[in-house]
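*Asks:* here is my input, please return the structure:
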Amino acid sequence: MMKRFVVLDKKVGETPLASLLSFKKAHPELAGIPASYAGRLDPMASGKLLILLGEECKNQAKYTGLDKEYEIEILLDVGSDTGDALGILDFESVETALSLKKLRKALRQERGRHARAYPQFSSKPVQGKPLFMHSLEGTIDAIDIPVHEERIYKTKILGTTLIESKALESRIREFLSKVPVSDEPSKALGADFRIARVRKCWEDVFEQTSERTFTVLKLRVACGTGAYMRSLAGRIGEALGTKALALSIHRTKVGKYWNGFWFKKF
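*Replies:* The predicted structure is shown next:
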């Protein structure tokens, strides 16, 4: 009997569709069998991607509302318009002295249900096109950005580290080398994720910070569907009095979370 679903380990730099197609290519017995992913995952994020197979694709709606768990790294003193390392940067030259008391308070304030605006660089459609296209075209200020409910069930501090500028530069270079490029005409405006501008932004930051260190927070976050870790990183930075972005995002669980426990994990 054919499986109803599989869980893939999506790599950094893969789109969900590319991950799905790679899986089907590696399993020729699935040729002609419908397959679809249930819930998106940013191209530059990694981790669990739920793939439905065959007749189960018709039940996609019941899977897209599943809860998620992520392990994320948050880089302090550097923000971006996308909320991650693949955006146009906003650099804070003064090095933040991390206060764990403030961090814990910020995480407590994030828990629960909150009405949040969709990120400007997201695939949420408005007036027939995704928000990220409005941002790239410069029309984002002419539209009303919709609001949705985000649920954060639990957050845990996994650690805090200091990373020297040179080590961070090496890591960013590797990260940016994995950016996917689309050759579809309909995606021409954002096909390369503005990679040349992004690289120049990082070069400018590292030119100014050759002798400093950066603080990186590592968190585990259990949340409802549709919670944006990129946005969470920015809000935590703001609560700490600085800028911040998601340096890495890794999805560790998909399922149902209730009262501190995971049920029906995929």
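*Asks:* make it CA atoms for all contacts and neighbour counts henceforth
*Replies:* Noted.
*Asks:* what about residue 250, neighbour count?
*Replies:* Number of residues near residue 250 (other CA atoms under 10 Å) recorded here: 23.
*Asks:* looking at the top helix by length along the chain now, give me its mean pLDDT.
*Replies:* Secondary structure of the chain per DSSP state H: the longest helix is helix 195-208. Here helix 195-208 scores 95 as its mean pLDDT.
*Asks:* check stretch 81-93 too.
*Replies:* Rounded mean pLDDT across stretch 81-93 is 95.
*Asks:* quick one, strands of the chain?
*Replies:* With strands called from DSSP state E, the chain shows them at 5-10, 35-37, 46-53, 67-76, 78-80, 89-91, 112-117, 125-126, 129-130, 147-164, 213-223, 244-258, 261-263.
*Asks:* can you redo those as CSV with distance to residue 22?
*Replies:* Listed next are the strands of the chain as CSV, based on distance: least, CA to CA, whole Å:
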stretch, distance to residue 22
strand 5-10, 10
strand 35-37, 12
strand 46-53, 12
strand 67-76, 23
strand 78-80, 31
strand 89-91, 32
strand 112-117, 33
strand 125-126, 27
strand 129-130, 25
strand 147-164, 31
strand 213-223, 28
strand 244-258, 19
strand 261-263, 29
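*Asks:* ok, which of these comes nearest residue 25?
*Replies:* strand 35-37 (12.1 Å; CA to CA).
*Asks:* residue contacts, residue 81?
*Replies:* 87, 88, 89, 90, 120, 121 (CA atoms under 8 Å, 6 or more residues apart in numbering).
*Asks:* against residue 17, how distant is it?
*Replies:* Noted for residue 81: a distance of 24 Å to residue 17, by CA to CA, to the nearest Å.
*Asks:* and what of residue 113?
*Replies:* 30 Å.
*Asks:* repeat that for residue 244.
*Replies:* Separation of residue 244 from residue 17 (CA to CA): 29 Å.
*Asks:* now do residue 254
*Replies:* In this view, residue 254 and residue 17 are 18 Å apart by CA to CA.
*Asks:* the two: which is more packed in?
*Replies:* Neighbour count, other CA under 10 Å: between residue 254 and residue 17, residue 254 has more, with 28 against 13.
*Asks:* quick one, what contacts the more buried one?
*Replies:* Counting by CA under 8 Å, 6+ apart, the residues that residue 254 touches are 48, 50, 66, 67, 68, 69, 265, 266.
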